[in-house]
Structure formats: structure tokens, C-alpha cells
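In: Need the 3D shape of this:
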Amino acid sequence: MTVLQIAVILCWMACAAIFAAYAASIAGEITYVTLADGRKTARSLPLVFRMLLPFVPNLARFVSRPGFARARQVADEMIVSSGLEGLITGAEFVALKFLVPLTCGTAWVGFVLLLGALMPDSIISDNTLLLGLLGVLLAYAYPLMWLRGTLKRRHLAILRALPFVLDLLTLSVEAGMDFMSALQRNCERRKLDPLNEELIRMTREIQVGTPRRIALRNMAERVRQPDLKGVAHALIQADELGVSIGSILRIQSDQLRSRRFDRAEKLANEAPVKMLGPLMLCIFPAVFVILLAPVLTQVAHNLF
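Out: Reported below is the predicted structural model:
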């Protein structure tokens, strides 16, 4: 090992120690979002985002250009729908889409080059450029992949809770309670989940003077979940036409349960096809090896 290689290794060890200390200090921090009723709930960003957020203002002028207006708007909408409002803005997210590949991608390229230098005859040294490029592309795609995954999980949680909430509201309204009282009671009694957070925000908007139909429309546009949007639009039409809220809630609840059953049936039909890949790649080769292992052992023993 040459002196240059030893110096490179020592530099990497020092950088890794500094990085580990900074990451440990950031990882210990707890972040919260404030709900409409004043309560705070813990909600965190990925560690790499929290580590790079202090450097985002350096790119503020760059991402505030008109060319990034659409990207900032889409990011803001997805952040609000994901329940991350107050933790990060659309402009900060666009800046992170450049900072993550710039920092993590550069670190990955340096790591690949180091491995290639330490193992000159390995497959890594022969594909250094390809591995570095793949790492940079993955780092660039990671922020958007994470945000889409967070949004998908929140929409799924809302979808699972919505039929039960509609049943409770239907029973309360048909028992003689008005819609707002039933909604407030439901928000107070249920655990704090994504759907309850949105309903609390909607009720607070109505309490400060926003008309109910506008509050429902705001919730539908803010969440952008198809089933919740359909329920909100049905309630808006019932409010405009003077139709009974109880009957609308019961119809929407029945439709949601029917669609949920259809989705479950679709997933059940897709399961055999999805199991075919692991079956062919893992189970059949394992069975083949187990059955032929004695024969192969005997043949090898006779040959050698």
C-alpha cells in the first residue's frame, strides 16, 4: 500500500467521523407539525433532508427563478397533501432535489473511486463510471420517490378510515344530530390519524366563518384523495340542493365499501401472478438442488 493510498484512507476516515458526529446530532432532533386545533404531532423528514436543509438558502435565488415555478407549485401541493406542511416548503424541496445528488452523489462517486483504487483488478474498478452514474441518478430520484411514497401511505390511511368514519357520521345524523356536531364528536373521540387531521382542519375553518361547502372543497383540493374528494363533492351538492345529509352519507359509505371489496378482489387475483417470480427464482431452484444434491455428490466423488 502506497503513501498516497494511506493518505486517502485517512482522509476518508476523518470525513466519515465528522459526518457521523453531524448525523448523530441531527438524528436526535424531533420535529413537529402543528394541527388546526393547536395540538402538535411528531413528523420527521429523512435524515439526509434534515442534514442538508441548513444549506438550502444557498440555492434560494436559483430555485426561485420562473423556470422552477411549476416544480415549486407541484411540490407545495404534494407536501400539503402529505401532511408535511410547516416542515418543508416547495422551494426547499426543489433545492433538495439538487443538493441530494450534489452531496450524496459526490460522496458515492468518491467511495467508488476509492474502492477501485484499493481493488484495481475487481469488477468495481472496471465499472467505476457506470456505478458512479447510477448512484448520482438514484440520489436525484430519491427526494421525489420519498415524497410520492409518503403521499401514497397517507392516502391509503385515509382510504382505510373513511368508510368507518362515514358510518359513524351516518348513525349520528340519523339519530338526530346535525352534521357539524356529529363531525366534531367524531374528531374528539377518534384517534389522531390523517383523516382525523383533515376533518379537524375543516371544522376549524367552518368555526372561523368559512361556509361549509367552501371548507369541504378546500379539504378535497388539499388532500387530493379520489374517494375523499368524491364524498366532499357529494356533500357539497347535498348542501346546495337541500338533500338529506344522512342519506348521502349512507350512499357514499356503501359505495366506498363496494369499491374497497373490488380492490381487495383485484389484489387477490393479482397475488398468484406476483408469486410466480419468487417461485421461479427461489423455490424451484432450491427444490432442484435438494433433489439432485445426492446424485451430484456421488458423481463428483466418482470423478475426483
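
In: Can you point out the buried residues in stretch 233-241?
Out: For stretch 233-241, the neighbour count (16 or more other CB atoms under 10 Å) marks 234, 235, 236, 238, 239 as buried. From N, CA and C alone the C-beta is placed, and that goes for glycine too.

In: mind listing which of those are in helices?
Out: If you go by DSSP state H, the buried residues of stretch 233-241 have 234, 235, 236, 238, 239 in helices.

In: so which strand or helix has the residue nearest to the second one when sequence neighbours are not counted?
Out: If I follow you right, that is residue 235. Nearest residue to residue 235, sequence neighbours excluded (CB to CB, 6 or more residues apart in numbering): residue 216, at 5.5 Å. Following DSSP states H and E, one finds residue 216 within helix 212-223.

In: Can you give the distance of that helix from its chain's centre?
Out: Averaging C-alpha positions (CA atoms, centre = their mean, to the nearest Å) puts helix 212-223 22 Å from its chain's average.

In: what's the spacing between the residue nearest to residue 235 and residue 239?
Out: Going from residue 216 to residue 239 by CB to CB, to the nearest Å gives 8 Å.

In: repeat for residue 70
Out: Residue 70 sits 34 Å away from residue 239, taking CB to CB as the criterion.

In: Out of the buried residues of stretch 233-241, which one has the lowest pLDDT?
Out: Minimum pLDDT for the buried residues of stretch 233-241 is recorded at residue 239 (82).

In: I'd assumed residue 215 was in contact with that residue.
Out: No: counting by CB atoms under 8 Å, residue 239 stays clear of residue 215, with 10.6 Å between them.

In: so what secondary structure elements neighbour the helix or strand where residue 162 lies?
Out: Element membership for residue 162 (DSSP H and E) is helix 128-174. Judged by 3 or more CB pairs under 8 Å, 6 or more residues apart in numbering; DSSP states H and E, the packing partners of helix 128-174 are helix 69-81, helix 90-100, helix 106-118, helix 179-189, helix 194-207, helix 226-241, helix 245-278.

In: and that helix with helix 194-207, angle?
Out: Inter-element angle recorded for helix 128-174 and helix 194-207: 60 degrees (by axes from the mean of the first three to the mean of the last three CA atoms, to 10 degrees).

In: Low-confidence bits of the stretch 101-250 of the chain, can you list those?
Out: For the stretch 101-250 of the chain, the stretches flagged by pLDDT under 70 are 121-126.

In: Kindly tell me how buried the closest residue to residue 99 other than its chain neighbours is, as a neighbour count.
Out: Leaving aside its chain neighbours, residue 99 sits nearest to residue 52 (4.7 Å; criterion: CB to CB, 6+ apart). For residue 52, the neighbour count with other CB atoms under 10 Å is 22.

In: check contacts around residue 52.
Out: Applying CB atoms under 8 Å, 6 or more residues apart in numbering to residue 52 gives the contacts 96, 99, 100, 103.

In: which of the residues in the strand or helix carrying it are buried?
Out: In this assignment (DSSP H and E), residue 52 forms part of helix 47-52. Residues of helix 47-52 classed as buried by neighbour count (16+ other CB under 10 Å): 48, 49, 50, 51, 52.

In: Ok, stretch 69-81 next?
Out: Of the residues in stretch 69-81, 72, 75, 76, 78, 79, 80, 81 count as buried by neighbour count, 16+ other CB under 10 Å.

In: Kindly reformat those as TSV containing pLDDT and distance to residue 58.
Out: Output for the buried residues of stretch 69-81, formatted as TSV (pLDDT from 0 to 100; distance: CB to CB, whole Å):
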residue	pLDDT	distance to residue 58
72	91	17
75	92	18
76	92	21
78	93	23
79	92	21
80	91	25
81	91	28
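
In: That's all I had, so thanks and see you.
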